[in-house]
Structures are given as C-alpha cells and as structure tokens.
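Undergrad: this one's sequence-less:
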C-alpha cells in the first residue's frame, strides 16, 4: 500500500498543487492543503472502492479541504499582517463612537428615543417595553427600526466605515469637522 500511495503522490502532486493554487493564492498555504489532502487520502485509501477513479477522488478531497480552509479562520500571512495590526477591532470602534451615541439618540423623535434607550441602554426587550408602556409590539418594533435607521444615517453622514469581508467594522474616519462625534 505504501508504494501505491507514494506512486499516487508522485503522479498527482503537481496537478493537485496547481488546482489548489488556483483557489488559494499563497503557495505555502497551498502546499499545506496539498499535504492535508494526501494525509486524508492515505488514511481513507481503503475506503476507495473503485481504484480507477483515484483522480476524481483526490480532486474531491482537495476541493473539500479548500472549502474547509476557507471556513476556518485563516492564519495571518505576512501580506495581511500589517493590515491586521493597523485595524481596530469592532468593539474598540464602538467604544470610540459611544461617546456621541447618547447625544445622537437624544436628537431622535421622542417615541424612537425612548425605545432605543430602553432596549439598548437599559437592556429591556421589545416585548417588555411594549408591555410596560401599553403599546402594541409591532408599534414598538417600528419605533426601534426607525430609530436605528435614523442613527445609522446620522453616523454615515459623520463617519465613513471600513468593513471586512464579513461586513464587520474594522475602522472609521470622521468625514468633516462639523460632525458631533468629532468633538
């Protein structure tokens, strides 16, 4: 069996590496994935029923391993490391901007302001708020949504946000000197 695996490795190593490189641009990561593919092939070789379909079997393993790689948090490569350290994490950005949040919320219409303050600052649920204030739940949801939309538009007028592929905020910049958040 070892001879068979080493022959398979020699025969398919380069084509599989090229296939992986088409999907993963970093050669070191592609080689790691290639090794993982052959480890999986070695450990599951006995489960392959039709040995003549080895090529398609290996490419399926490679494709699944590439998919697994992208699902996991990828380790930083040197190219991305500088970008990573320049960016702030989302929590620190939210902390930076929270200083002006209360001021901005106070500018909302009364019904939106009260819902936002109760739900997001005092941590009441929408159901609790509607019950405590004898309001219909759909009305409270509407106030909450309108208030959040208004806050979002105010923030977007004041700041520009950089987002990553997951749409998480990674950095922000004030757009102009008249922004209330810039004080």
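TA: Ah, there it is. A quick note: this is a predicted structure, and the numbers were derived from the prediction, not measured.
Undergrad: Point me to the helix or strand that includes residue 12.
TA: Assigned by DSSP states H and E, residue 12 belongs to helix 2-23.
Undergrad: and that helix, average pLDDT?
TA: What helix 2-23 shows for mean pLDDT is 81.
Undergrad: try stretch 41-59
TA: 80.
Undergrad: per-domain residue ranges of the chain.
TA: 2-82, 87-182 (automatic domain parsing).
Undergrad: Now render those domains as JSON lines, adding mean neighbour count.
TA: No exception for glycine: its C-beta is placed from N, CA and C like everyone else's. Formatted as JSON lines, the domains of the chain follow (neighbours: other Cβ atoms under 10 Å):
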{"stretch": "domain 2-82", "mean neighbour count": "14"}
{"stretch": "domain 87-182", "mean neighbour count": "14"}
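Undergrad: before we move on, the earlier item: distance from the chain centre to the helix holding residue 12, please.
TA: Distance of helix 2-23 from the chain centroid (Cα atoms, centre = their mean, to the nearest Å) equals 32 Å.
Undergrad: Can you list the neighbours in contact with that helix?
TA: 27, 30-31, 33-34, 37-38, 41-42, 45, 54-55, 58-59, 62, 66 (Cβ atoms under 8 Å, 6 or more residues apart in numbering).
Undergrad: do stretch 118-128 as well
TA: 102, 115, 129, 132, 137, 140-141, 144.
Undergrad: What of stretch 35-50?
TA: Residues from elsewhere that reach stretch 35-50 (Cβ under 8 Å, 6+ apart): 1, 4-5, 8-9, 13, 16, 20, 54, 57-58, 61-62, 65.
Undergrad: Show me the two of those that sit farthest apart.
TA: 1 and 20 (24.4 Å; Cβ to Cβ).
Undergrad: Tell me the confidence at residue 94?
TA: At residue 94, pLDDT is 60.
Undergrad: quick revisit: C-terminal to the helix holding residue 12, what's the next element?
TA: Immediately after helix 2-23, counting by DSSP H and E, sits helix 27-44.
Undergrad: what's the offset of that following helix from the middle of its chain?
TA: 25 Å.
Undergrad: ok, back up a step: would you reformat the contacts of stretch 118-128 as CSV and include pLDDT and distance to residue 167?
TA: Below are those laid out as CSV (pLDDT from 0 to 100; distance: Cβ to Cβ, whole Å):
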residue, pLDDT, distance to residue 167
102, 75, 25
115, 91, 25
129, 91, 28
132, 91, 33
137, 92, 28
140, 92, 27
141, 93, 23
144, 91, 21
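Undergrad: just these now: which is nearest residue 174?
TA: Out of the contacts of stretch 118-128, the member with the shortest distance to residue 174 (by Cβ to Cβ) is residue 102, at 17.9 Å.
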